[in-house]
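A.B. asks: My questions concern the predicted model and sequence given below.
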Amino acid sequence: MGSQLDQATIDYLLAPSPHGRDYSDDVNLVLRLVQAFLIECSCLSSTSRFKEGCQFDGYVPWEVAPDSHVKPSKFVALVLVLPDYARESYDHIYRAMDLFLEVHAGLCEEERVSVCCALNHEKLSPEALKDLSRNSKFPSETVERALLHKTPRSKDYCTQIEEGRGC
């Protein structure tokens, strides 16, 4: 089943969670399916991977982020299960994080930072960066990175910091 995930729609990912779990969808099953897809189909073209990423990025914001029972670690695992090259943009992930942080308003700063660490600022649109730079739900260091990435001159500086060459 994992090898055919690129042919699935969002509805196929909506499996009810096992009895006794608080969250509405079986997040662990979805993680296993995506991992199986990536292992079994490593020879697929990048077009297929992008299609899979787009399908999956529709699942995370609309089905997982609003679920108040999904733990931050599961949310981050879902965001990180797809490799960076499978996404052309992180705008859907940003929206999912925004919704997740809204639903999980009681998260401590450390948990909010761990959720936001999965965000690739370089793959955010200018509109998403602008919105993030003003978003009070996100930790201050995430907002600061958005402000740095928003300015073209500072992108090289941000890359140096992320690679450990900055101050």
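C.D. replies: Received the coordinates, thanks.
A.B. asks: hey, where'd the helices end up in the protein?
C.D. replies: 10-13, 27-40, 46-59, 72-80, 91-103, 109-116, 126-133, 140-150, 152-162 (DSSP state H).
A.B. asks: Which of those has the lowest mean pLDDT?
C.D. replies: Ranked by mean pLDDT, the helices of the chain end with helix 152-162 at the bottom, a mean of 50.
A.B. asks: From residue 141, how far out is residue 148?
C.D. replies: 11 Å (CB to CB, to the nearest Å). Every residue, glycine included, has its C-beta placed from N, CA and C.
A.B. asks: So between the two, which is more surrounded?
C.D. replies: Neighbours were tallied for residue 148 and for residue 141 using other CB atoms under 10 Å; the higher tally belongs to residue 148 (17 against 13).
A.B. asks: In space, what's closest to residue 90 - neighbours in sequence excluded?
C.D. replies: In space, residue 90 comes closest to residue 123 once its chain neighbours are excluded; the distance is 4.3 Å by CB to CB, 6 or more residues apart in numbering.
A.B. asks: Thought residue 82 was touching that neighbour, still the case?
C.D. replies: No - between residue 123 and residue 82 there is no contact under CB atoms under 8 Å: 12.0 Å.
A.B. asks: And those two? Which one has more around it.
C.D. replies: Higher neighbour count among residue 123 and residue 82: residue 82, with 20 against 16, using other CB under 10 Å.
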